[in-house]
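S.K.: fold the stuff below for me.
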Amino acid sequence: MDFKTAADVKAFADETENRLNEIELNLDGIKSKVKNSSFIQPENNGWTDDKAAQFGEMFKDLARYPGQDIPQEIMEKHSLGFVTEKAALGTSLTADAATGSYVTAVGYWPDISAVINEDSMLYGKVNKINMTTRTMIVPTKADGVEFSYVSTDGDALTESDPTFGTKTMTAYVYALWFPMTESLLEDDNVNLGNYFRKIIGEAFAAKFDAEFLTGTGAPTTGLMADTSVNVHTLSGSGIDDLEVADLISCMTLLDTRAKRKRCSWVMHTTIMDHLRGLQDANGQFYFPDLRSGMTNKLLGYDVVLSDQMPAYSDSAADLDFIGFGDMSELYYGDRVPLEVKMLPGTARNVDYDQVFLKARFRASFLIPQPGSFARITTAA
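M.R.: Predicted structure coming up:
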């Protein structure tokens, strides 16, 4: 069939309705394309002759591969690429035949990742590694290499002897699930998709920060618990005893430029609030720019705020509550990105009209060089 008008395309789409089971994967991609792209125009109910011809060409290309993987060149031709990250809720979902979960179209990933980035300042700073197996060995530097000059042409070059250690990244499963009723989904008057996307994104961000910062060894030992991290101890047993001199002492525990490059402070928002109020003997604020909101730096270094760090109200003896270091030296191993599955076919669906939503990811959280970090703790 030649596609010259909007009516031609609509007729072909109607005929194809009966073949949904056969070309389900292809049609899901088409639905995303049609629903969310420039094909939708306010005039003529979204079907213009000009756009119809483009849509018809795309439809014919995709229909040649019923139930099969679509060739990369076809995906690129019609801008139907997909990212490997699994979708959060509230986004256009496309069936992933390999896992039964969902992937999201390229155009939606910025919206999804924004939820995580908004709730985790740490997420954008760590070193992300794609894991192709459950365990992975990563090298850690011991002794590096150095250049030496060659004084005479033809002289032997000086041999370097780098040494390194190794650390093992092991991916673990992190998951959550909760029930809801089909009626609730049918009567979705409050945009539940966006709401669930937000709370799942917030949960991911919270777990992400907690593993790196306050994990106690099940399975990750975080910066506030790792015994190899450099420690500066306050003179007193409460957070009220924190002074500017303590920040400087913590910072100087990392005693080379290499250790301090790209460094950041990490603390709870209420600790930052406390620092904003610190004054010298003359009543002058130590950090006036912080009070005016002009900067998010402390002693020249960025500040990462995380609700997973101890708050000011958690003040107690022997409490680790501020960290300092290069956050790109935190390794996040991405084995299976965040995925969301809807599980309707259970006995609870028959008995109680319930469906279940499950979110999971597989990842490794590793601090390969804890000695390159420092933290502040209250006195015991």
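S.K.: how about D119: what's its closest non-neighbour residue?
M.R.: Closest residue to D119 apart from its sequence neighbours, by CB to CB, 6 or more residues apart in numbering: A205 at 3.6 Å. Where C-beta positions appear, they are placed from N, C-alpha and C, glycine not excepted.
S.K.: any figure for the gap between that neighbour and R257?
M.R.: Counting by CB to CB, to the nearest Å, the gap from A205 to R257 is 32 Å.
S.K.: one step back: now name the helix or strand holding the residue nearest to D119.
M.R.: helix 192-213 (DSSP states H and E).
S.K.: all helices for the stretch 251-380 of the chain, in order.
M.R.: Using DSSP state H, counting those that start in this stretch, the helices of the stretch 251-380 of the chain run over 257-260, 269-276, 288-292, 347-352.
S.K.: coming back round to it: may I see the buried residues of the helix holding A205?
M.R.: The neighbour-count check on helix 192-213 (16 or more other CB atoms under 10 Å) flags 196-202, 204-205, 207-213 as buried.
S.K.: same question, stretch 373-380
M.R.: 373-378.
S.K.: looking at the residues you listed, spot the one nearest V244.
M.R.: Set against V244, the nearest of the buried residues of stretch 373-380 by CB to CB is I376 (11.9 Å).
S.K.: low pLDDT regions in the stretch 101-250 of the chain?
M.R.: Low-confidence regions of the stretch 101-250 of the chain, defined here as pLDDT under 70, cover residues 101-115, 188-191, 193.
S.K.: in it, which spans are helices?
M.R.: 109-119, 182-186, 192-213, 244-251.
S.K.: next up, the contacts around F365.
M.R.: Counting by CB atoms under 8 Å, 6 or more residues apart in numbering, F365 makes contact with 211-212, 215, 219-220, 222, 330-333.
S.K.: and for D353?
M.R.: 181-183.
S.K.: okay if I get the residues you listed as CSV plus distance to P310?
M.R.: Shown next, in CSV, are the contacts of D353 (distance: CB to CB, whole Å):
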residue, distance to P310
T181, 39
E182, 42
S183, 43
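S.K.: returning to that earlier point: save the helices of the stretch 101-250 of the chain as CSV, and put in distance to T158 too.
M.R.: Below are those laid out as CSV (distance: least, CB to CB, whole Å):
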stretch, distance to T158
helix 109-119, 46
helix 182-186, 69
helix 192-213, 40
helix 244-251, 35
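S.K.: ok, which of those comes nearest F361?
M.R.: F361 lies closest, by CB to CB, to one member of the helices of the stretch 101-250 of the chain: helix 192-213, at 7.2 Å.
S.K.: give the other helices and strands that the closest one contacts.
M.R.: For helix 192-213, the packing partners by 3 or more CB pairs under 8 Å, 6 or more residues apart in numbering; DSSP states H and E come out as helix 109-119, strand 172-181, strand 331-343, strand 354-366.
S.K.: and that helix with strand 354-366, angle?
M.R.: 30 degrees (axes from the mean of the first three to the mean of the last three CA atoms, to 10 degrees).
S.K.: can you show me the CA trace of helix 192-213 as PDB?
M.R.: Backbone C-alpha positions of helix 192-213 (Å, rounded to 0.1, in the frame of the first residue of the first chain) are rendered in PDB as follows:
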ATOM      1  CA  LEU A 192       0.100   7.700  39.900                       C
ATOM      2  CA  GLY A 193       2.700   6.900  37.300                       C
ATOM      3  CA  ASN A 194       4.600  10.100  38.100                       C
ATOM      4  CA  TYR A 195       4.100   9.600  41.800                       C
ATOM      5  CA  PHE A 196       5.500   6.000  41.700                       C
ATOM      6  CA  ARG A 197       8.400   7.100  39.500                       C
ATOM      7  CA  LYS A 198       9.300   9.800  42.100                       C
ATOM      8  CA  ILE A 199       9.200   7.500  45.200                       C
ATOM      9  CA  ILE A 200      11.100   4.700  43.500                       C
ATOM     10  CA  GLY A 201      13.700   7.200  42.200                       C
ATOM     11  CA  GLU A 202      14.000   8.600  45.800                       C
ATOM     12  CA  ALA A 203      14.400   5.100  47.200                       C
ATOM     13  CA  PHE A 204      17.100   4.300  44.700                       C
ATOM     14  CA  ALA A 205      19.000   7.600  45.500                       C
ATOM     15  CA  ALA A 206      18.700   6.900  49.300                       C
ATOM     16  CA  LYS A 207      20.100   3.400  48.900                       C
ATOM     17  CA  PHE A 208      22.900   4.700  46.600                       C
ATOM     18  CA  ASP A 209      24.000   7.300  49.100                       C
ATOM     19  CA  ALA A 210      23.600   5.000  52.100                       C
ATOM     20  CA  GLU A 211      25.800   2.200  50.700                       C
ATOM     21  CA  PHE A 212      28.700   4.500  49.900                       C
ATOM     22  CA  LEU A 213      28.500   6.700  53.000                       C
END
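S.K.: tilt between it and strand 331-343?
M.R.: 150 degrees.
S.K.: give me the contacts around helix 192-213.
M.R.: Counting by CB under 8 Å, 6+ apart, residues outside helix 192-213 touching it are 88-91, 112, 115-116, 118-120, 122-123, 126, 174, 176, 180, 184-185, 220, 222-224, 266, 306-309, 323, 330, 332, 338, 340, 357, 359, 361, 365, 367.
S.K.: and the angle for that helix with strand 172-181?
M.R.: Going by the same axes, to 10 degrees, helix 192-213 makes 150 degrees with strand 172-181.
S.K.: let's number from 334 now, not from 1
M.R.: Let's use 334 as the start, then, which means that last one is helix 525-546.
S.K.: before we move on, back to that, give me the buried entries from the contacts of F698.
M.R.: Neighbour-count burial (16+ other CB under 10 Å) is assigned, among the contacts of F698, to 544-545, 548, 553, 555, 663-666.
S.K.: neighbours of N460, just the number please.
M.R.: 15 (other CB atoms under 10 Å).
S.K.: wait, it sits on S661?
M.R.: Yes. At 5.0 Å, N460 and S661 qualify as touching, with contact defined as CB atoms under 8 Å.
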